[in-house]
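Undergrad: this one's structure only:
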């Protein structure tokens, strides 16, 4: 059910599992150590890079304001309300988007280059 709901994509960076270096993983949006449960409302599909960068974090500092802001929550938030794709860059359009892009390092040069290739091949997003 989780994989179908996510359309086999990382729910943070949108890469398909079949195009990822490592198989996608089940992520606790709110980590168990913070009281997060292992139920459908708190689980999402994440590529190994996004999952490693996110870890058990729930918030980060907004690079624009310095304020503490929550991260994107795939079960409660709509991706297109917080991010947009500009060529191969994932651009943030909200404070939640900004902290998520920064913390998950969504626009590191190697990730952008990978998305650019996938876009050219028609396999992203």
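TA: Great, that's in hand. Everything numeric in this text was worked out from a predicted model, so none of it was measured.

Undergrad: May I see the buried residues of the longest helix anywhere in the chain?
TA: Looking across the chain with DSSP state H, the single longest helix is helix 109-121. Neighbour-count burial for helix 109-121, counted by 16 or more other C-beta atoms under 10 Å, picks out 111, 114-115, 118. For every residue, glycine as well, the C-beta is placed using N, CA and C.

Undergrad: again, but for stretch 11-27
TA: 11-17, 19-20, 24-25, 27.

Undergrad: Tell me how far it lies from the chain's centre.
TA: In terms of C-alpha atoms, centre = their mean, to the nearest Å, the centre of stretch 11-27 is set 9 Å apart from its chain centre.

Undergrad: before we move on, the earlier item: just the ones of the buried residues of stretch 11-27 in strands?
TA: Of the positions in those, 25, 27 sit in strands, assigned by DSSP state E.

Undergrad: Tell me the one of the buried residues of stretch 11-27 nearest residue 53?
TA: Nearest to residue 53 among the buried residues of stretch 11-27 is residue 12, at 8.8 Å by C-beta to C-beta.

Undergrad: Excluding chain neighbours, give the residue nearest to the closest one in space.
TA: Take residue 12 and drop its neighbours on the chain: the residue closest to it by C-beta to C-beta, 6 or more residues apart in numbering is residue 50, 4.1 Å away.

Undergrad: helices or strands next to the helix or strand that neighbour falls within in the packing?
TA: Assigned by DSSP states H and E, residue 50 belongs to helix 48-54. Helices and strands touching helix 48-54, as assessed by 3 or more C-beta pairs under 8 Å, 6 or more residues apart in numbering; DSSP states H and E, comprise strand 25-28.

Undergrad: could you give the mean pLDDT of the very next helix or strand once past the strand it packs on?
TA: As assigned by DSSP H and E, the chain's next helix or strand after strand 25-28 is strand 43-46. Averaged over strand 43-46, pLDDT sits at 98.

Undergrad: again with stretch 74-87
TA: Mean predicted confidence for stretch 74-87 is 97.

Undergrad: Mind listing what's buried along it?
TA: Taking 16+ other C-beta under 10 Å as the criterion, stretch 74-87 shows 74, 77, 79, 82-83 as buried.
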